[in-house]
Structures are given as structure tokens and as C-alpha cells.
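Undergrad: Okay, here's the prediction I keep looking at, along with the sequence it came from:
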Amino acid sequence: MKRPAYPLGEHARETITTVTGKPLTELTLEAVRAGRLDARDVSIHPDTLRAQAEIAEEAGFTQLAANFRRAAELALIPQDKVLAVYEALRPYRVRYEQLLALADELEGNYQATENARLVREAAEAYRERGLG
């Protein structure tokens, strides 16, 4: 099966759905004005992010692919938790042990293994540099 060209929003529009299952083709200004969409209806689906990761990987953009995979994990995590992760990753915000606990939570509660790995790497780097 031939993979659609990037960007998927232009070349595979009819197959993309939002996190709530709405087809991308239904995301219109008219739908917003009519009140048929809410904030979750415009959230990207993790499958779309994973597809973008595959395209990036095949094109040799390994870091971009990793970013898309982490974003796919974050897409289903409550926004307040995502913001808490962001805040915790700022230097001097939390201690090493708290970052490790956050990584465990991401992995255990949300199956966000790539993000947990990133938080653990940050914890080690912050500890080595005295930033935590």
C-alpha cells in the first residue's frame, strides 16, 4: 500500500479523523459558526501523528519522527497533565525524584513510554548540571 504524501491534511484529507472521530472534512468555519464543533473536535488523532512519524522516518528525519511519536502519546493525555509535564521540565522547577515519579506516571497511567523516556533523560541531564 502506497503511503499518502505529506502533508496528510492535503493528500489524505478524507482518511483523517480528529480525536473525537470527526472527519477532517467536517472541520469548517461553517461548522464552528453553527456550533457543531467543540475544542476536542479540533484535536489531532494520535494515528495521524503516528502516520506523520512514519513519513518523517522514511524521509530520514528521525528527530522529527520521534517528536511526532511523543505528540501522539500526548494527544490523549489530559491537557492539565501535559501542562504539568511542560512546567516540570523547566529547569529548577522540580527535583530529580519528582521528575522520575512523573516519568513513571506517564508510563504507568498513560502508556506514554516515549515521553517517560524523555523526562528520565531530562532528569539525568538536570542532575548532572545541577539544574534540579
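TA: In hand now; what should we look at?

Undergrad: Look up how far Ile55 lies from the nearest residue to Glu58 once chain neighbours are set aside.
TA: Excluding its sequence neighbours, the residue lying closest to Glu58 (C-beta to C-beta, 6 or more residues apart in numbering) is Arg3, at 7.5 Å. All C-beta atoms are positioned from the backbone trio N, CA, C, and that covers glycine. Going from Arg3 to Ile55 by C-beta to C-beta, to the nearest Å gives 6 Å.

Undergrad: Neighbour count: these two, which is higher?
TA: Between Arg3 and Ile55, Ile55 has the larger neighbour count (other C-beta atoms under 10 Å), namely 19 against 12.

Undergrad: SS state for that one?
TA: helix (DSSP: H, G, I helix; E, B strand; the rest coil).

Undergrad: for the closest residue to it other than its chain neighbours, phi and psi?
TA: Spatially, and ignoring its direct neighbours in sequence, Ile55 is nearest to Tyr6 (4.9 Å; C-beta to C-beta, 6+ apart). In terms of degrees, to the nearest 10, the main-chain angles of Tyr6 are phi -90, psi 140.

Undergrad: wait, Tyr6 sits on Gln52?
TA: Yes: the criterion here is C-beta atoms under 8 Å, and Tyr6 meets it with Gln52 at 7.1 Å.

Undergrad: So if I had to pick from those two, which one is more boxed in?
TA: Gln52 (22 against 15).
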